[in-house]
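*Asks:* Could you look at this predicted model? Sequence included:
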Amino acid sequence: MPPALYADLIADLRPLIAELGEHPERFQTWDAHLELVAAGGLVVLKSKREKGVVDSLFWGRAPKAEENRQLPEATAFAAIDRFLRLGAHLALADALPEGAVLDEAYPHCAVRFSYRKKGAPKARSLSMIFIAFNDEADALAYAGRTAGTLPMVVARPLMGEKLHEWR
């Protein structure tokens, strides 16, 4: 069965993440934790607003470095935005099997994001692990090479216990 592509979900997620970075006052509450691995480096964006209090931390690790360093907020949001602007995205349906690792040649990002905008009737949440590619052909070729070794999403919407699309 061919893997599910996530152009539509990414098209909704990207402006939401950008809006959170640029206009957090539009959100009643949020809990964002994004971990991006790209080109051998790591960028982590953690931000939470609860009961009117905002707690944020942005850090990363350069390729081949051993120490994490704090990053400017704008740098973390820009790295996530570059990832979301790539041409195609696949998602994992479950945690990686024991001993399996994702190919470092392809950027991947774990996203756990819940929010409620001001005036919205309810909160929304998303918990997924995305792998990004230049285009659909690259994504489908990668899925073909990893068939049987990685638990790729093949049917949407993904609604597992830990990983799920918007709900």
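*Replies:* The structure has been received and is ready for your questions.
*Asks:* Look up which helix or strand the residue nearest the centre of the chain falls in, please.
*Replies:* Nearest to the geometric centre of the chain sits V111, at 3.4 Å (C-alpha atoms, centre = their mean). V111 belongs to strand 108-117 when elements are defined using DSSP states H and E.
*Asks:* Which helix runs longest in the protein?
*Replies:* helix 7-22 (DSSP state H).
*Asks:* which helices and strands sit right next to it?
*Replies:* If you count contacts as 3 or more C-beta pairs under 8 Å, 6 or more residues apart in numbering; DSSP states H and E, helix 7-22 packs onto strand 27-38, helix 73-84, strand 88-91, strand 108-117. For the C-beta atoms, the positions are set from N, CA and C on the backbone; glycine is no exception.
*Asks:* Could you export these as JSON lines, including mean pLDDT?
*Replies:* Formatted as JSON lines, the helices and strands packed on helix 7-22 follow (pLDDT from 0 to 100):
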{"stretch": "strand 27-38", "mean pLDDT": "97"}
{"stretch": "helix 73-84", "mean pLDDT": "97"}
{"stretch": "strand 88-91", "mean pLDDT": "98"}
{"stretch": "strand 108-117", "mean pLDDT": "98"}
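*Asks:* burial measure for I131, as a count.
*Replies:* 26 (other C-beta atoms under 10 Å).
*Asks:* need the contact list for it.
*Replies:* I131 makes contact with 89-92, 102, 106-108, 139, 142, according to C-beta atoms under 8 Å, 6 or more residues apart in numbering.
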